[in-house]
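>>> Mind folding the following:
(one chain, ligands or ions: 1)
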Amino acid sequence: MIKRIGLLTSGGDCQALNATMRGVVKGLTNSVDELEVYGFDDGYKGLIYGKYQMLTAKDFSGILTQGGTILGTSRQPFKLMRVPDENGLDKVEAMKRTYYKLCLDCLVILGGNGTQKTANLLREEGLNIIHLPKTIDNDIWGTDMTFGFQSAVNIATNAIDCIHTTAASHGRVFIVEVMGHKVGSLTLHAGIAGGADIILIPEIPYDIKKVAEAINRRARAGKRFTILAVAEGAISKEDAKLPKKKYKEKLEARAKKYPSVSYEIADQISAETGAEVRITVPGHTQRGGEPCAYDRVLSTRIGAGAAEAILDGEYGVMIGIVEGKIKRVPLAECAGKLKTVDPKDQTVLAAKRIGISFGD
Ligand code: F6P
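You can find the predicted model right below:
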């Protein structure tokens, strides 16, 4: 049996992209007579403009621990996929042309929510698609876990750990701003793991007075410092009530004054409590470096799961993990849905039980 597969990584990178592709290719190498692998450069860009490399099993050896992506990636917004490029090229038709020209049996697409929407569009256009859920945000509906998430949790946790020692020396308030886009999963987990005193996530809008109260309470109890884990998408109760358009305007106005939400919160905390506040933004370090052991196992399982789906000829699915088991989730069911933190989730309730404030 000969199999011709295309591989691409799209959107923001994360740890374990290489480990996952390795899982797919090794999983197939052991079961087919001949395998042709076309690796597209820089995500959908490579598929649109026919830029690819032919890869062999050897290219996937020794990359289990390597961060980033050997294929390169780029952001190609889903909403622009139906918009012709600057030369009038129909991107969707161009992607289909590349696929058919190379006589691919299927296209394996590693990416987050936006990438998944385009993967689903290509499925609707008749291509054989398998989507593999990558993102440090863990915000993909239909899978309990995305690869990249646990590695990022470790890095963000380490940032909070490091802040702990300096915070204790100086007796200040510290904010560690954590990535996650519109979802608070990464902040919630890193915040708990790093022993943050206050965790602010988009799903639980904060009241700055409650945040100040939590800081003052700690000071009265003789604690010399307070550490806040703040999601980059954290939102105040007031702002959460604004209509979408008004909130967008608010964010535009804020961007003129502050680099991110943490800086606004820091000013408000100083005004409310008189405390000296410092901000740390680990930023893209959270997506960098090698995948942690958990992600290496998860990505190997997801990669092998994709190989099995290809051998079964089952396409149009995301390979997720649900209650510990690899699951083929129809793209028609999951594409376009965001997985957010449930404010009543046991993890949130446990954090509240031990006295972590969410500023609500
Ligand atoms: O989706 C992953 C992510 O790292 C988010 O957490 C973050 O908001 C965004 O990507 C940053 O994107 P970029 O790398 O394009 O700045």
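>>> roughly how far apart are the residue nearest to Ala350 when sequence neighbours are not counted and Ala156?
Spatial nearest neighbour of Ala350, excluding adjacent residues (Cβ to Cβ, 6 or more residues apart in numbering): Ile192 at 7.8 Å. C-beta here means a position set from N, CA and C on the backbone, and glycine is covered the same way. Using Cβ to Cβ, to the nearest Å, we find Ile192 at a distance of 11 Å from Ala156.
>>> These two: which is more packed in?
In terms of neighbours (other Cβ atoms under 10 Å), Ala156 is the more surrounded of Ile192 and Ala156; the figures are 27 against 20.
>>> Run through the residues that contact the more buried one.
For Ala156, the contact set (Cβ atoms under 8 Å, 6 or more residues apart in numbering) comprises Val176, Val178, Met179, Leu186, Thr187, Ala190, Gly194, Ala229, Pro282, Gln286.
>>> Helix or strand: which one has it?
Using DSSP states H and E, Ala156 sits in helix 149-170.
>>> was I right about the residue nearest to Ala350 contacting Arg353?
No. Using Cβ atoms under 8 Å, Ile192 makes no contact with Arg353, being 11.3 Å away.
>>> so what sits against both of those two?
With Cβ under 8 Å, 6+ apart, Ile192 and Arg353 have no common neighbours.
>>> Ile198: neighbouring residues, count only.
If you count neighbours by other Cβ under 10 Å, Ile198 ends up with 24.
>>> so it makes contact with Thr226?
Yes. With contacts counted by Cβ under 8 Å, Ile198 reaches Thr226, the gap being 6.6 Å.
>>> The ligand contacts on the stretch 151-300 of the chain?
For the stretch 151-300 of the chain, the contact set with the ligand under Cβ under 6 Å from any ligand atom comprises Met179, Gly180, His181, Glu232, Arg287.
>>> The same query, at a cut-off of 8 Å, please.
For the stretch 151-300 of the chain, the residues in contact with the ligand (Cβ under 8 Å from any ligand atom) are Met179, Gly180, His181, Leu186, Glu232, Gly233, His284, Gln286, Arg287.
>>> Show me those residues that map onto helices.
Using DSSP state H, the members of these that fall in helices are Leu186.
>>> could the residues of the stretch 151-300 of the chain next to the ligand be laid out in TSV, adding neighbour count, pLDDT and distance to Leu17?
What follows is these, written out as TSV (neighbours: other Cβ atoms under 10 Å; pLDDT from 0 to 100; distance: Cβ to Cβ, whole Å):
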residue	neighbour count	pLDDT	distance to Leu17
Met179	25	98	16
Gly180	29	98	18
His181	18	97	18
Leu186	30	98	17
Glu232	19	98	21
Gly233	20	98	23
His284	11	98	15
Gln286	25	98	15
Arg287	20	98	10
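>>> okay, the residues of the stretch 151-300 of the chain next to the ligand in JSON lines with distance to Pro205 next?
Listed next are these as JSON lines, based on distance: Cβ to Cβ, whole Å:
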{"residue": "Met179", "distance to Pro205": "19"}
{"residue": "Gly180", "distance to Pro205": "15"}
{"residue": "His181", "distance to Pro205": "16"}
{"residue": "Leu186", "distance to Pro205": "18"}
{"residue": "Glu232", "distance to Pro205": "15"}
{"residue": "Gly233", "distance to Pro205": "11"}
{"residue": "His284", "distance to Pro205": "26"}
{"residue": "Gln286", "distance to Pro205": "23"}
{"residue": "Arg287", "distance to Pro205": "26"}
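>>> from the residues of the stretch 151-300 of the chain next to the ligand, which is closest to Lys96?
The closest of these to Lys96 turns out to be His181 (Cβ to Cβ; 29.5 Å).
>>> Provide a list of residues in contact with the residue nearest to the closest one when sequence neighbours are not counted.
Nearest non-adjacent residue to His181, counting by Cβ to Cβ, 6+ apart: Asp137, 5.3 Å away. Each residue near Asp137 by Cβ under 8 Å, 6+ apart is listed here: Gly112, Thr146, Phe149, Met179, Gly180, His181, Val183, Ser185, Leu186.
>>> what about the nearest residue to the third one once chain neighbours are set aside, how many residues close to it?
This means Phe149. Among residues not flanking Phe149 along the chain, Asn138 sits closest, at 4.1 Å (Cβ to Cβ, 6+ apart). For Asn138, the neighbour count with other Cβ under 10 Å is 26.
>>> same deal with Ala219?
Per other Cβ under 10 Å, the neighbour tally for Ala219 reads 16.
>>> buried residues in stretch 142-159?
Using 16 or more other Cβ atoms under 10 Å as the test for burial, stretch 142-159 gives 142-143, 145-159.
>>> cool, and stretch 120-128?
For stretch 120-128, burial by neighbour count (16+ other Cβ under 10 Å) applies to Asn120, Leu121, Leu122, Arg123, Leu127, Asn128.
>>> That concludes my questions; thank you for your assistance.
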